[in-house]
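> Following is a predicted model, sequence given first.
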Amino acid sequence: MVIHKEYALRRFCEVPLKHQSSKCLLERMWAKPDVLERLVFVINRDHLPNTMLLAQAGSSAPSFELQLGTESEHLTLVNGNLFREKRKTQQVRIGDPLEAWEALLDFTGILHVQLAFESAIPDWYEEIVVPNEAVPPQFAAPGFSAFVREQIDLILWGITLREQIDQALLSRDEALFNETVQLYKEVCQSCFWKLS
C-alpha cells in the first residue's frame, strides 16, 4: 500500500502545483515510509480531523492547507431554547507546505489527504481514495447538509414553540398564545417534515 501512496504523490507532482513548495513537501513525504503509512487519501475532506489539501495549478481549490485537530457543531435544547455551539480542537492550521513539514514531523496520527486536480479526477487517484465516512455518498450533494441542519433547527424550534403554546394556555396569556401560534404555523409551513 505504501508503494501506491508514493506513486500517487509522484503522479500528482507531474504537473505544476498551485503552491511552489508543495512539491518539496511531497518529496519529503514519499521519502519517509512511516509518514506514507499514515496517509489516507480522500476525495472530500469535509468533517474529517487532521486534513491536508494540495492543489495542482489551475484547480479552483486553495493552493495548500494543513489542518490538525477537529471542529464539531452541537445543537442543544436548554429550558426550551435551542443553542448551537461550535467546538474546536484545532491545534494547527498552516498554509505553507514547508511549515507543514515541521508540524508533520511531530504528528503521529492518521492524515486525511485531498489532492485537488486541474480537471477530472484521474483513475489512478480513484483507485487509492477511501470513502469519507463523515459524509455519506447519497448526502454529499452541495447544500444538502445545510438543508438538513436548517430542517433540524426548524423541528427543534417547532418543539420549543409547542411548549410555549402549552404554557400560554395554562397561564391564559392570550397575547403570547396568538403570537406563538402564528410563529408555529410559519415554522410548520417551512418544515419539510410534518409537525403535529
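Cool, the structure landed.
> and the residue of the chain most remote from its centre, what are its phi and psi?
Taking CA atoms, centre = their mean, the residue of the chain most remote from its mean C-alpha position is Arg172, at 46.2 Å. Phi and psi for Arg172, reported as degrees, to the nearest 10, are phi 60, psi 40.
> What pLDDT is listed against it?
With respect to pLDDT, Arg172 has a value of 92.
> ok, now Arg162?
Per-residue pLDDT puts Arg162 at 88.
> Please settle this for me: is it part of a strand?
No. Counting by DSSP: H, G, I helix; E, B strand; the rest coil, Arg162 is not found in a strand; it is helix.
> Look up the closest residue to it, ignoring the ones flanking it.
In space, and not counting its chain neighbours, Arg162 is closest to Tyr184: 6.8 Å by CB to CB, 6 or more residues apart in numbering. C-betas here are computed from N, CA, C, even on glycine.
> Tell me who's in contact with that neighbour.
Shown in contact with Tyr184 (CB atoms under 8 Å, 6 or more residues apart in numbering): Gly158, Leu161, Arg162, Ile165.
> In terms of helices and strands, where is the first one?
Counting by DSSP states H and E, the secondary-structure element that holds Gly158 is helix 144-171.
> quick one: buried residues of that helix?
By neighbour count with 16 or more other CB atoms under 10 Å, helix 144-171 contains the buried residues Leu154, Ile155, Leu156, Trp157, Gly158, Thr160, Leu161, Arg162, Gln164, Ile165, Ala168.
> so can I have JSON lines of those residues showing distance to Asn50?
Output for the buried residues of helix 144-171, formatted as JSON lines (distance: CB to CB, whole Å):
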{"residue": "Leu154", "distance to Asn50": "33"}
{"residue": "Ile155", "distance to Asn50": "32"}
{"residue": "Leu156", "distance to Asn50": "31"}
{"residue": "Trp157", "distance to Asn50": "34"}
{"residue": "Gly158", "distance to Asn50": "37"}
{"residue": "Thr160", "distance to Asn50": "36"}
{"residue": "Leu161", "distance to Asn50": "40"}
{"residue": "Arg162", "distance to Asn50": "41"}
{"residue": "Gln164", "distance to Asn50": "43"}
{"residue": "Ile165", "distance to Asn50": "46"}
{"residue": "Ala168", "distance to Asn50": "49"}
